[in-house]
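Peer 1: Task: produce atomic coordinates for the following.
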Amino acid sequence: MSAHSKGSNPDTDVLIIGAGISGIGLAYYLQRDQPNKRFTILESRGDIGGTWDLFRYPGIRSDSDLYTFGYEFKPWKSPKAIADAGSIMDYLREAVDENQIQKKIRFNSRVVNANWSSEDAHWRVEFTDTATGKTEVMTARWLFSAAGYYRYDEGFTPNFNGRENFKGQIIHPQTWPEDLDYQGKKVVVIGSGATAVTLVPAMADKAEHVTMLQRTPTYVVSLPTEDPIANVIKKIFPEKLAYKMVRSKNINLSRWWWGFCQRFPNAARKLIRLGNKKLLPKDYPVDTHFNPPYNPWDQRLCAVTDGDLFESISKGDASIVTDHIDTFTEKGIKLKSGQQLDADIVITATGLNVQLFGGIDYTVDGEPIDYPKSVAYKSLMLSGVPNFAYAIGYTNSSWTLKIGLICEHLCRIMEHMTEQDKLICQPELPDPNMPTRPLLDFGAGYVQRAIDNLPRRGMSAPWDVAMDYKVDAKNLRFGSVTDDCLKFYASAKAPLKSAEAKKDSPSKQKTQAKAEAEV
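Peer 2: Residues are numbered from 1 along each chain as shown. Prediction:
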C-alpha cells in the first residue's frame, strides 16, 4: 500500500468494548458530539451495567455519591445520595432507553483478540457468541475499552493454610450464591475494604453473629444515605440546574477533603478517629481496629452509610478482630494469637484480580502490546498504539467522575481528525528515554499486585495521570486536542514508530531510577 493510500472501509467507526457505565457514557457522547460516527457496543454478558449487574451480595451499593458517580448529562433524581445496586441499574437502564442505545449493543459477545492493521488503518476484532460459541469478526476505525479493570470470572483469594479442612461454606462476594441461607449462622468476613464493611452490617440482622476479620485496619467514615443540602436545592431549583449545583458542591467537597488529607494527614487521622469513637461503645479499642498504619487516602477510604457498621458493633450483632490467620480448621479459623473463630460461613472479601482492558489479546501489526513499556497519554490513550482509547477513573473520588471528560475529549479528537481528513491518531513519546513512574500512586493491594504489569505514566502533562477533576476539566474539556506528542496521519503508515519508543536504553534506566527515587 502506498504512503498516500487510504485505509480500507471498516464495519464501524467506533467499537466500544463493554456496556457498563463507561461504555454507555461514550455511546451518549458519540451520539451528541459525533452523530455521523457509527458505533457498536460488544458486551460479554447478557445485560448492561458491568459491576452493578455482576455483584449480588447483600447490601451492595456505591461508596460514592450518585451526584458525582452518575453522568453529568443525566440528573440523579432519587433522594438517596448513596445508592444500592438496583437503583444504579435502574438509572443506567433509563440512560440507555432515553438515548436509544440498546439497539447498538450486541450482548453475549466476548472479545477474544484485537489487531491493529497499519496497512488497512483499522482494528480487526474477533469475538465469540457466548451462547452459541460462534466466532465473528468486526473491523473498526477506533477501539474504546470500557471493559473494566478486573476479572469478572474470578475474584482474588489468598492461599489460606488448611482451607480444605473447613466443613462450612467459603464464598467470594464476586460469585455470591443467590440461594445462600445465613439465617442464624456464624459468619466470618475476611477483609477490611469497601465490600467487607458493606457486607457486615447487611448480614448482621439475620446472622447469629458476623465477625470482620482484618489483617490491617482501614479508614472508615460514616456518610448519610441522603444529602440534606442536595434535597433542599432540588426542591428550590429546576432539576437540571439543581443537579449541576449539587454535583459541583460535591466535587469541590471531595477535592477539599482529599487535599486536606494530603496536606494535614495527622489532623485528618484525628478527625476520622474522633468520628469513629463517637459512633462506637465507650472504651471500645478504636486504635486496635480503626487506626491504619498509613495516612488517609494512601488507600481509598471506606464509607459506611448512616454509621451502620458502627451500629451493628454497638448492638453486639457484629465484631471486628484484627489478627493474622494461622490456619482454617473444621469449625472455623485459628488465628496467630491462638484465638479460634467459629464459623458456618466464611466470606473472602479479599479483593479483585486486576485485568487490563478486559484481558483481551491486543496486537499492533501482529505484535503484542507490551503494556509496561507503554505510557499513558492524557489518561485515555497509550503511546505507540493507534486509534485506541480506554476508560480509567479516580482513586481518590468517584471512579466514574473522569469518564465524561475522557469521552468528551475523545470526541473532540475525532472531530479534529474529520476536519483535517486524518485516519490515524497515535501518541508518541518525545524521547524513548523519557522517565516514567507507576501508573497509579495508590497503595491498595489489588493495585500493587498488578502494578508491574500496567502501563506507566510520565512526570508531567500530557503523560501524567491526574487525580484532580479540576485539572482534568481544564485539560480535557477546554485544552487543545493537539500537541507535539499526538501524531495524526492521513493514511496507512508502516512501520509504526512505537518500537523505538519501547527500547529501554541504559540512559533511560538511569534517568528513570532517579525520577522514581524523587517521587
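Peer 1: buried set for stretch 266-273?
Peer 2: 268-269, 271-272 (16 or more other Cβ atoms under 10 Å). (C-beta placed from N, C-alpha, C; glycine too.)
Peer 1: List of residues touching that stretch?
Peer 2: By Cβ atoms under 8 Å, 6 or more residues apart in numbering, the surrounding residues in contact with stretch 266-273 are 219-221, 260-261, 286-287, 290-291, 295-296, 301.
Peer 1: swap in stretch 156-167?
Peer 2: The contact list for stretch 156-167 (Cβ under 8 Å, 6+ apart) reads 170, 172, 325-333, 343, 346, 348, 350-353, 446, 449.
Peer 1: Just the buried residues of it, please?
Peer 2: The neighbour-count check on stretch 156-167 (16+ other Cβ under 10 Å) flags 156-157, 160, 163, 166 as buried.
Peer 1: would you turn these into CSV with distance to Ile236 and secondary structure?
Peer 2: Shown next, in CSV, are the buried residues of stretch 156-167 (distance: Cβ to Cβ, whole Å; DSSP: H, G, I helix; E, B strand; the rest coil):
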residue, distance to Ile236, secondary structure
Phe156, 46, coil
Thr157, 49, coil
Phe160, 54, coil
Arg163, 56, helix
Phe166, 56, coil
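Peer 1: Pick the one among these closest to Trp256.
Peer 2: In terms of Cβ to Cβ, no member of the buried residues of stretch 156-167 lies closer to Trp256 than Phe156, at 32.9 Å.
Peer 1: picking up where we left off before, any of the contacts of stretch 156-167 buried? List them.
Peer 2: When burial is judged by neighbour count using 16+ other Cβ under 10 Å, the buried members of these are 170, 172, 325-326, 328-329, 331-333, 343, 346, 348, 350-353, 446.
Peer 1: Now, those residues that are in strands?
Peer 2: 170, 325-326, 328, 332-333, 346, 348 (DSSP state E).
Peer 1: how about the helices in the stretch 1-150 of the chain?
Peer 2: 21-33, 51-54, 66-69, 85-98 (DSSP state H, counting those that start in this stretch).
Peer 1: The last one - what's its average pLDDT?
Peer 2: Within the predicted structure, the mean pLDDT of helix 85-98 is 98.
Peer 1: how about it: buried residues?
Peer 2: Residues of helix 85-98 classed as buried: 85, 87-89, 91-92, 95-96 (neighbour count, 16+ other Cβ under 10 Å).
Peer 1: Check which helices and strands that helix sits against.
Peer 2: Applying 3 or more Cβ pairs under 8 Å, 6 or more residues apart in numbering; DSSP states H and E, one finds that helix 85-98 contacts helix 21-33, helix 51-54, helix 66-69.
Peer 1: redo that, cut-off 7 Å
Peer 2: Packing partners of helix 85-98 (3 or more Cβ pairs under 7 Å, 6 or more residues apart in numbering; DSSP states H and E): helix 21-33, helix 51-54.
Peer 1: now the second one
Peer 2: The helices and strands touching helix 51-54, judged by 3+ Cβ pairs under 7 Å, 6+ apart, are helix 85-98.
Peer 1: Now tell me what touches the helix it packs on from outside.
Peer 2: With Cβ atoms under 7 Å, 6 or more residues apart in numbering as the test, helix 85-98 has contacts from 21, 24, 28, 48-49, 52-53, 55, 60-62, 70-71, 74, 76, 78, 80, 102.
Peer 1: Go again with 6 Å.
Peer 2: 24, 48-49, 52, 60, 74, 102 (Cβ atoms under 6 Å, 6 or more residues apart in numbering).
Peer 1: May I ask which of these has the most neighbours?
Peer 2: The most crowded member of those, judged by other Cβ atoms under 10 Å, is Ile24 (27 neighbours).
Peer 1: So it versus Ala196, what's the distance?
Peer 2: Applying Cβ to Cβ, to the nearest Å, the value for Ile24 to Ala196 is 29 Å.
Peer 1: ok, for Asn276, nearest residue in space, not its chain neighbours?
Peer 2: Phe290 (4.8 Å; Cβ to Cβ, 6 or more residues apart in numbering).
Peer 1: Give me the distance between the closest residue to Glu43 other than its chain neighbours and Ile41.
Peer 2: Excluding the flanking residues, the one nearest Glu43 by Cβ to Cβ, 6+ apart is Ala19, at 3.8 Å. Separation of Ala19 from Ile41 (Cβ to Cβ) stands at 5 Å.
Peer 1: just Lys80 next, same as before
Peer 2: Per Cβ to Cβ, Lys80 is found 28 Å from Ile41.
Peer 1: repeat for Gly162
Peer 2: Counting by Cβ to Cβ, the gap from Gly162 to Ile41 is 45 Å.
Peer 1: likewise Phe160?
Peer 2: 39 Å.
Peer 1: CA atoms of stretch 386-406 as PDB?
Peer 2: Extracted in PDB, the C-alpha atoms of stretch 386-406 (Å, rounded to 0.1, in the frame of the first residue of the first chain):
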ATOM      1  CA  PRO A 386      -3.100   4.000  17.200                       C
ATOM      2  CA  ASN A 387      -6.800   4.700  17.400                       C
ATOM      3  CA  PHE A 388      -7.200   3.100  20.800                       C
ATOM      4  CA  ALA A 389      -8.700   4.700  23.900                       C
ATOM      5  CA  TYR A 390      -9.800   3.400  27.300                       C
ATOM      6  CA  ALA A 391     -11.700   4.400  30.400                       C
ATOM      7  CA  ILE A 392      -9.900   5.000  33.700                       C
ATOM      8  CA  GLY A 393     -11.300   6.700  36.800                       C
ATOM      9  CA  TYR A 394     -10.200   8.300  40.000                       C
ATOM     10  CA  THR A 395      -8.900   6.500  43.000                       C
ATOM     11  CA  ASN A 396      -9.500   9.500  45.300                       C
ATOM     12  CA  SER A 397     -13.000  10.400  44.300                       C
ATOM     13  CA  SER A 398     -15.900   8.900  42.400                       C
ATOM     14  CA  TRP A 399     -14.300   6.500  40.000                       C
ATOM     15  CA  THR A 400     -16.500   7.400  37.100                       C
ATOM     16  CA  LEU A 401     -16.300  11.200  37.500                       C
ATOM     17  CA  LYS A 402     -13.500  11.200  35.000                       C
ATOM     18  CA  ILE A 403     -15.300   9.200  32.300                       C
ATOM     19  CA  GLY A 404     -17.300  12.100  30.900                       C
ATOM     20  CA  LEU A 405     -14.200  14.200  30.500                       C
ATOM     21  CA  ILE A 406     -12.400  11.400  28.700                       C
END
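Peer 1: For it, which outside residues touch it?
Peer 2: Residues outside stretch 386-406 that contact it (Cβ under 6 Å, 6+ apart) are 21-22, 25, 64, 68-69, 72, 116, 142-146, 254, 258, 297, 379-381, 410, 424-426, 442, 467, 469, 472, 476-477.
Peer 1: tell me, what's touching Ala19 and Ile41 both at once?
Peer 2: Common neighbours of Ala19 and Ile41, counting by Cβ under 6 Å, 6+ apart, are Ile105.
Peer 1: ok, back up a step: which residues sit in contact with the residue nearest to Glu43?
Peer 2: So Ala19 contacts 41, 43, 48, 105 (Cβ under 6 Å, 6+ apart).
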